[in-house]
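Undergrad: only geometry, no sequence info:
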């Protein structure tokens, strides 16, 4: 008797993917892809209407029925972002889902559809003709359960193996056993033989790059004269300065024949610079066409250069005359590296909404985009990497909370994974950890044979100094606090500050007494500010959610509360109180849309959030004590800008290489800021009366004495400047490997 029943299933195949709408599953070459309900429902609607445009209103009605309360725009954008991530698709260069501005979305890839009847019971009972025999259960393997869009397979020759001679069968079995043993035999692990510190200046640029020709290592050191190109032996020893064709030279790569450097002029991390070729033996540099880039790398053959400009990965020849686009990503990719065969490029992509960094790979022709490691496989932040042993291995850095670097120090370690190729091995293996603190290692590069990795290693050690504005005398404060951002109560008796080592928030008397921890755990606290009534602290928490958000905590300590609702993907770097305590000004970035931040004002009584016109790209707003002005930083344009609350107008009040840390004087008559990229990392002030920038103090003596950096962290009621000095070191390290 046949006890099976059947149901109709809708299957769709596109590219390497297959979607089963009844079971709600998405697979890639048979492997399941994790996808939440809303993104899958959007995929189902697009597949069923393939080739047709679905408007945002269509999707809203189908997915969020009338009466459902949801922030629709943000939820839809998030769902689409997760769907595209699952499909390795890109909105600007789509393979599957096309965005039509002001119209909607359309599924553009070829789709093979099938409706199949699959039995819900997959066995039948055959009644025996013999009265003394039980019924026999035979598995039911219906051809209808297979995908109808796949070609029907013919009987395989190996089904006749049982009709072969015994020695032929034994040979086949032996070969099969050998293949299985090869496939599943555990590979030998790479071991770390030694870790050595090669330089001892402590001033290697932590955002720079290491380049080696096998005997020398080239890198950038920052001191009071600027950024200088240095070199040392791969075995360590003294450093020598390499004369460069212009000041603040930035090194990108060395040609495979070791004849030419690929260089630029350093401005600030992430900014574009003109690309130049410069002979290793010296001589005049040559501009590569009119090419501008944030980073660039030679191809293994030396006939091409890949670079990142804005959100675009592009490739050109050494003359810069044949430039072509590979792909565009939002936000901009970074940490670009060629595969040894020259056919692929690896890079790191940041997901602002999920606060993650992941490695991706794409063919040089713009196809075959894939994530190198599965989602959630190896921590939330995968960084730069390098190939070893001709492509057999790939080493990369990975750490926690990279985007929280404003508030805490990241501990990045090196990992290694085997690039499995050939029969049964056509993917990257599980990574193994090579290093585990306390030195944070990043920007790895390797020798040709892969026996040694070079990396930039750093550790931090902080002290807090008070600098008298009249005598420039320096006094140590809050010993061992690690304070990096401070604010003082209006009565001048209390200070609140963040401890950079663990991201906790503290308050104490100005002399350090009566010290109290305000947050129970590591909040990744940044930019704390007393409320005017001294009862609350406003601060940014980097570690309390996926997004950096603005929080308020009692001045007596307790559980932080968010200023804005958490049912969105709005990030905030910093905020400030109005003097009457009724409003808060803050920067807001919608990470779901990856849009630029804007400055907004929150009315605490009504809950109304108002955007200031013309504030695109601005961060870290600060309200003057009289409530007349709001100052903010424009890092993109290298400016400090001022908003007149009466005239409703923005103006530029100062220019700087990289402005940071805004502070108003207690009376509101002057605005202070630091230029972090000035050679002495100086602090400046702008009096409101003259609007002329004045130098307050520089930290050249501290930097010359070995300080890695000096961070302007506070301004006391008496006008004293507080600075957090990082005495830690950044140097070049080598990691010797023992390869199997």
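TA: On my side now, so go ahead. Keep in mind the model is a prediction, meaning the values are calculated, not measured.
Undergrad: in the stretch 251-400 of the chain, which spans are helices?
TA: With helices called from DSSP state H, counting those that start in this stretch, the stretch 251-400 of the chain shows none.
Undergrad: pLDDT weak spots in it?
TA: Along the stretch 251-400 of the chain, segments meeting pLDDT under 70 span 267-270, 375-380, 400.
Undergrad: show me the strands in it, by range?
TA: Ranges of strands within the stretch 251-400 of the chain are 260-265, 273-279, 286-293, 295-298, 304-309, 312-317, 324-328, 334-338, 344-351, 356-363, 370-371, 381-388, 393-399, based on DSSP state E, counting those that start in this stretch.
Undergrad: adding mean neighbour count and distance to residue 579, write those strands out as JSON lines.
TA: From N, CA and C alone the C-beta is placed, and that goes for glycine too. Formatted as JSON lines, the strands of the stretch 251-400 of the chain follow (neighbours: other Cβ atoms under 10 Å; distance: least, Cβ to Cβ, whole Å):
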{"stretch": "strand 260-265", "mean neighbour count": "22", "distance to residue 579": "44"}
{"stretch": "strand 273-279", "mean neighbour count": "19", "distance to residue 579": "43"}
{"stretch": "strand 286-293", "mean neighbour count": "17", "distance to residue 579": "44"}
{"stretch": "strand 295-298", "mean neighbour count": "22", "distance to residue 579": "45"}
{"stretch": "strand 304-309", "mean neighbour count": "22", "distance to residue 579": "44"}
{"stretch": "strand 312-317", "mean neighbour count": "18", "distance to residue 579": "45"}
{"stretch": "strand 324-328", "mean neighbour count": "17", "distance to residue 579": "45"}
{"stretch": "strand 334-338", "mean neighbour count": "21", "distance to residue 579": "41"}
{"stretch": "strand 344-351", "mean neighbour count": "21", "distance to residue 579": "37"}
{"stretch": "strand 356-363", "mean neighbour count": "20", "distance to residue 579": "39"}
{"stretch": "strand 370-371", "mean neighbour count": "16", "distance to residue 579": "49"}
{"stretch": "strand 381-388", "mean neighbour count": "24", "distance to residue 579": "39"}
{"stretch": "strand 393-399", "mean neighbour count": "24", "distance to residue 579": "40"}
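Undergrad: out of those, flag the one nearest residue 112.
TA: Of all the strands of the stretch 251-400 of the chain, strand 370-371 sits nearest to residue 112, with 21.4 Å by Cβ to Cβ.
Undergrad: remind me what the closest one packs against, helices and strands.
TA: On a contact count with 3 or more Cβ pairs under 8 Å, 6 or more residues apart in numbering; DSSP states H and E, strand 370-371 meets strand 356-363.
Undergrad: tell me what angle the strand it packs on forms with strand 381-388.
TA: Inter-element angle recorded for strand 356-363 and strand 381-388: 40 degrees (by axes from the mean of the first three to the mean of the last three Cα atoms, to 10 degrees).
Undergrad: and the closest residue to residue 629 other than its chain neighbours, how far from residue 632?
TA: What sits nearest to residue 629 in space, not counting adjacent residues and going by Cβ to Cβ, 6 or more residues apart in numbering, is residue 642, at 5.5 Å. With distances taken as Cβ to Cβ, to the nearest Å, residue 642 is found 8 Å from residue 632.
Undergrad: so, low pLDDT: which residues of the chain?
TA: Across the chain, the ranges flagged by pLDDT under 70 are 1-8, 64-75, 78, 117-188, 267-270, 375-380, 400-405, 410, 420-429, 479-482.
Undergrad: show residues contacting stretch 18-35.
TA: For stretch 18-35, the surrounding residues in contact (Cβ atoms under 8 Å, 6 or more residues apart in numbering) are 7-13, 16-17, 37, 40, 43-44, 47-48, 82-83, 86, 147, 375.
Undergrad: follow-up on the earlier one: who has more neighbours, residue 642 and residue 632?
TA: Per other Cβ atoms under 10 Å, whichever of residue 642 and residue 632 has more neighbours is residue 632, with 27 against 21.
Undergrad: what about the more buried one, which helix or strand?
TA: Under the criterion of DSSP states H and E, residue 632 resides in strand 629-634.
Undergrad: within its sheet, name the partner strands of that strand and how each one runs.
TA: Take DSSP bridges as the rule and strand 629-634 pairs in its sheet with strand 619-623 (antiparallel), strand 639-644 (antiparallel).
Undergrad: pick the most buried one from those strands.
TA: The highest mean neighbour count among the strands paired with strand 629-634, using mean count of other Cβ atoms under 10 Å, belongs to strand 619-623: a mean of 24.
Undergrad: quick one: contacts of that one?
TA: 527, 573-579, 585-587, 597, 599, 629-633, 635, 660, 662-664, 671.
Undergrad: over to stretch 661-671?
TA: Among residues not part of stretch 661-671, those counted as contacts by Cβ under 8 Å, 6+ apart are 485, 620, 622-626, 628-629, 631-633, 640, 642, 653-654, 672-674, 685-689, 711-715, 717, 719.
Undergrad: ok, 7 Å please
TA: Residues outside stretch 661-671 that contact it (Cβ atoms under 7 Å, 6 or more residues apart in numbering): 620, 622, 624-626, 631, 633, 653, 672-674, 685-688, 712, 715, 717, 719.
Undergrad: narrow those residues to just the buried residues.
TA: With neighbours counted using 16 or more other Cβ atoms under 10 Å, the contacts of stretch 661-671 contain these buried positions: 620, 622, 624-625, 631, 633, 653, 672-674, 685-686, 688, 712, 715, 719.
Undergrad: just the element for residue 660, please.
TA: Applying DSSP H and E, one finds residue 660 within strand 659-664.
Undergrad: and residue 535, what does it touch?
TA: Here residue 535 is in contact with 554, 555 (Cβ under 7 Å, 6+ apart).
Undergrad: go with 10 Å
TA: Listed by Cβ atoms under 10 Å, 6 or more residues apart in numbering, the contact set of residue 535 reads 552, 554, 555, 556, 581.
Undergrad: please compute how far the next helix or strand along the chain from the strand holding residue 660 lies from its chain's middle.
TA: Sequence order places strand 670-675 as the next helix or strand after strand 659-664, per DSSP H and E. Mean-position distance between strand 670-675 and its chain equals 29 Å (Cα atoms, centre = their mean, to the nearest Å).
Undergrad: parallel or antiparallel, list what pairs with strand 670-675.
TA: According to DSSP bridges, strand 670-675 forms sheet pairs with strand 659-664 (antiparallel), strand 683-687 (antiparallel).
Undergrad: residue 498 touches residue 527, doesn't it?
TA: Yes - using Cβ atoms under 10 Å, residue 498 is in contact with residue 527, at 8.0 Å.
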